[in-house]
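1. Please find the sequence and the predicted model below.
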Amino acid sequence: MNTSYNKIKFVSALVALFTGFNLATAGPLKEGDKFPDLAAYGLEGKLPDLKGKVVLIDFFASWCGPCKDSFPAMEELHKKYADKGLVVVAINLDKKRADMDEFLKKYPASFVILRDPANKLVGEVKIPTMPSSFLLDKDGKVRSAHRGFKGEETKKKYSEEIESLLK
């Protein structure tokens, strides 16, 4: 069986064990839902001011193959739209900070990186796959959710959605 799939199942089991949430049966956030307040989850890293901003929140891990492809795309989106009001926030799920640091050496990012080592936020959001991302409007409501990363197709959708929210 696929090693990435086994790791996702393992992380899902750990999240279920430690948070009481089961990713396999609980539904993820959907369009129109208010995204949880990041400050309430003890995330490592400097929280940005998100008030009045369009926000792309992405959950990633060092062992996630598609995350390696999505990071350059998010960096490109960050550089293109940051001065227009977009904030990109990537939330790492690695247990060991060193794993995240190693990933970031290979896939550097100038956008905000936070870490959820206790999986408190991921347990609340109930992400179905890795990577998972949520595009939030200026009021903090989910306007779109992306499961996985499908290269140019996903990047194009991000751009279209971001541009419509920044108007």
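-> Looks like it came in fine. All values derive from a computational prediction rather than experimental measurement.
2. Show me the residue sitting in the middle of the chain in space.
-> Asp58 (1.6 Å; Cα atoms, centre = their mean).
3. which residues of the chain fall in helices?
-> When assigned using DSSP state H, the helices of the chain occupy the ranges 3-19, 65-81, 97-106, 120-125, 152-166.
4. buried set for the third one?
-> Think helix 97-106. 100, 103-104 (16 or more other Cβ atoms under 10 Å). Every residue, glycine included, has its C-beta placed from N, CA and C.
5. just to revisit the earlier point, was I right about the residue nearest to the centre of the chain contacting Val89?
-> Yes: in this structure Asp58 lies within contact range of Val89 using Cβ atoms under 8 Å: 7.3 Å.
6. Look up how far Ser144 lies from Glu31.
-> The gap separating Glu31 from Ser144 is 7 Å, by Cβ to Cβ, to the nearest Å.
7. Tell me which of the two has more neighbours.
-> Ser144 (19 against 11; other Cβ atoms under 10 Å).
8. give the contact list for the more buried one.
-> By Cβ atoms under 8 Å, 6 or more residues apart in numbering, Ser144 lies in contact with 31, 134-135, 157, 161.
9. Tell me the buried residues within the residues you listed.
-> The buried subset of the contacts of Ser144 (16+ other Cβ under 10 Å) comprises 134-135, 161.
10. By average pLDDT, which secondary structure element in this protein comes out worst?
-> None of the helices or strands of the chain scores lower by mean pLDDT, DSSP states H and E than helix 3-19, at a mean of 46.
11. ok, the residue found closest to Cys67 once you drop the neighbours it is linked to in the chain - contacts?
-> Counting by Cβ to Cβ, 6 or more residues apart in numbering, the nearest residue to Cys67 once its immediate chain neighbours are dropped is Phe60, at 4.1 Å. By Cβ under 8 Å, 6+ apart, the contact list for Phe60 reads 67, 70-71, 90-93, 103, 130-131.
12. again, only this time at 7 Å
-> Counting by Cβ atoms under 7 Å, 6 or more residues apart in numbering, Phe60 touches 67, 90, 92, 130-131.
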